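Novice: mind folding the following:
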Amino acid sequence: MAEGEEDLPRDAKIVKSLLKSMGVEEHEPRVVHQFLELWYRYAVDVLTDAQVYSEHAGKTSIDCDDVKLAIQSKVNFSFSQPPPREVLLELARNRNKTPLPKNVGGSGVPLPPEEDTLICPNYQLVIPKKQNPQALEETEDEETAATPSTSQEPRADMMQSTPQRVSFPLGAKRPK
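Specialist: Numbering: from 1, shown residues only. Below you'll find the model as predicted:
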């Protein structure tokens, strides 16, 4: 045994031998303590679950079946099985049907087309239609004569009847 291992508990010696068997030659002493804590916590959780299963079955003590059930429930909860190979192959076939975008030659990092990015404009512009000068003068005269509370009403009517809305939604293809 190496120096300082004589006073180690049996479980710590087992953890050290497991690490050595897996090819770990050097490690910090805290690694052994972390593994021991994980080991003890797992054992307590499994035995607590086994006790609950035993009480639910109306037994006075924990038996092997209760421990097996507790371990199986931990495995089912902690680890998930990957989907079958056939399912993964079908997903890959469907995904690979979509061709890759054309590579644009040039220096630097290739970027996706602008319509496929999330940084394209996402807003609406209200562009009023052009009015003839005579109609524009009439609305200005009405606004100056109106009181402040009613001055917004003609302007709102004018804006609702004449504006042209232009929008740029996210992800939409822009005409070129």
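Novice: let me see the domain layout of the protein.
Specialist: 1-99, 114-143+151-167 (automatic domain parsing).
Novice: now stretch 49-65: average pLDDT?
Specialist: Stretch 49-65 carries an average pLDDT of 93.
Novice: picking that back up, and the domains of the chain, which one is worst for confidence?
Specialist: domain 114-143+151-167 (a mean of 62).
Novice: give me the number of residues near K16?
Specialist: 20 (other CB atoms under 10 Å). In short, each C-beta sits where N, CA and C put it, glycine included.
Novice: so where does it fall, helix or strand?
Specialist: helix 10-21 (DSSP states H and E).
Novice: who touches that helix?
Specialist: Identification of contacts with helix 10-21 by CB atoms under 8 Å, 6 or more residues apart in numbering yields E5, L8, H27, V31, V32, F35, L36, W39.
Novice: measure the third one to H33 for me?
Specialist: The gap separating H27 from H33 is 11 Å, by CB to CB, to the nearest Å.
Novice: any idea how far apart the tips of stretch 11-31 sit?
Specialist: Here the two ends of stretch 11-31 are set 13 Å apart, with distance taken as CA to CA, to the nearest Å.
Novice: mind listing what's buried in it?
Specialist: For stretch 11-31, burial by neighbour count (16 or more other CB atoms under 10 Å) applies to A12, V15, K16, L19.
Novice: do the same with stretch 70-83
Specialist: A70.
Novice: mind saving the C-alpha coords of it as PDB?
Specialist: Output of stretch 70-83 as PDB, limited to C-alpha atoms (Å, rounded to 0.1, in the frame of the first residue of the first chain):
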ATOM      1  CA  ALA A  70     -36.100   0.700  -6.000                       C
ATOM      2  CA  ILE A  71     -32.900   0.300  -8.200                       C
ATOM      3  CA  GLN A  72     -35.000  -0.200 -11.300                       C
ATOM      4  CA  SER A  73     -37.100   2.900 -10.600                       C
ATOM      5  CA  LYS A  74     -33.900   4.900 -10.200                       C
ATOM      6  CA  VAL A  75     -32.500   3.600 -13.500                       C
ATOM      7  CA  ASN A  76     -35.800   4.300 -15.300                       C
ATOM      8  CA  PHE A  77     -35.900   7.800 -13.800                       C
ATOM      9  CA  SER A  78     -32.200   8.700 -14.200                       C
ATOM     10  CA  PHE A  79     -31.400   7.200 -17.600                       C
ATOM     11  CA  SER A  80     -33.400   7.100 -20.800                       C
ATOM     12  CA  GLN A  81     -33.000   4.600 -23.600                       C
ATOM     13  CA  PRO A  82     -32.100   6.000 -27.000                       C
ATOM     14  CA  PRO A  83     -34.700   5.500 -29.700                       C
END
